[in-house]
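**Q** Sequence plus the predicted model coming up.
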Amino acid sequence: MIKKIYFNKIESEVWVKIFVKNNENETLFRNEIQALKNLSHPNIIPLIDYFQDSNSLYLVYTSFKGNSLDVYLTKKLKDFKDIKMQLFMK
């Protein structure tokens, strides 16, 4: 699940990706943190924080203009597929 919230730690709106806490999701959570921790690219939404409680795992991303993170990521994936197809057709 992905939600837009106000994050008091940085006094700004952010996107939070929430995982139900289980062994499989804990592995995905750690892998995503490691992959994004030192990554900087204009097409990748920066990870700014992460934490967990007894039931959930949370990844916190900077805010961006748009409707939702799902819509943003779906569009980016479509754009990537369109570019890949154009290169393939050349």
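**A** Yep, it's here.

**Q** Contacts for the lengthiest strand in the chain, please.
**A** Secondary structure of the chain per DSSP state E: the longest strand is strand 12-20. Applying C-beta atoms under 8 Å, 6 or more residues apart in numbering, the contact partners of strand 12-20 are 1-7, 25-26, 28-29, 45, 48, 55-64, 69. From N, CA and C alone the C-beta is placed, and that goes for glycine too.

**Q** Report the buried residues of the helix or strand that comes right after that strand.
**A** For strand 12-20, the following helix or strand on the C-terminal side (DSSP states H and E) is helix 23-37. Using 16 or more other C-beta atoms under 10 Å as the test for burial, helix 23-37 gives Phe29, Glu32, Leu36.

**Q** partners of the longest strand of the chain in the sheet?
**A** Strand 12-20 sits in its sheet next to strand 2-7 (antiparallel), strand 56-62 (antiparallel), going by DSSP bridges.

**Q** what about it, distance to the chain center?
**A** Centroid displacement of strand 12-20 relative to its chain, using C-alpha atoms, centre = their mean, to the nearest Å, is 8 Å.

**Q** Please save the CA atoms from that strand in PDB.
**A** Extracted C-alpha coordinates of strand 12-20, given in PDB (Å, rounded to 0.1, in the frame of the first residue of the first chain):
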ATOM      1  CA  SER A  12       6.700  18.100   4.600                       C
ATOM      2  CA  GLU A  13       4.400  15.700   2.600                       C
ATOM      3  CA  VAL A  14       5.900  12.400   1.600                       C
ATOM      4  CA  TRP A  15       4.900   9.100   0.100                       C
ATOM      5  CA  VAL A  16       5.000   6.100   2.300                       C
ATOM      6  CA  LYS A  17       5.200   2.500   1.000                       C
ATOM      7  CA  ILE A  18       3.800   0.100   3.600                       C
ATOM      8  CA  PHE A  19       4.500  -3.600   3.800                       C
ATOM      9  CA  VAL A  20       2.700  -6.100   6.100                       C
END
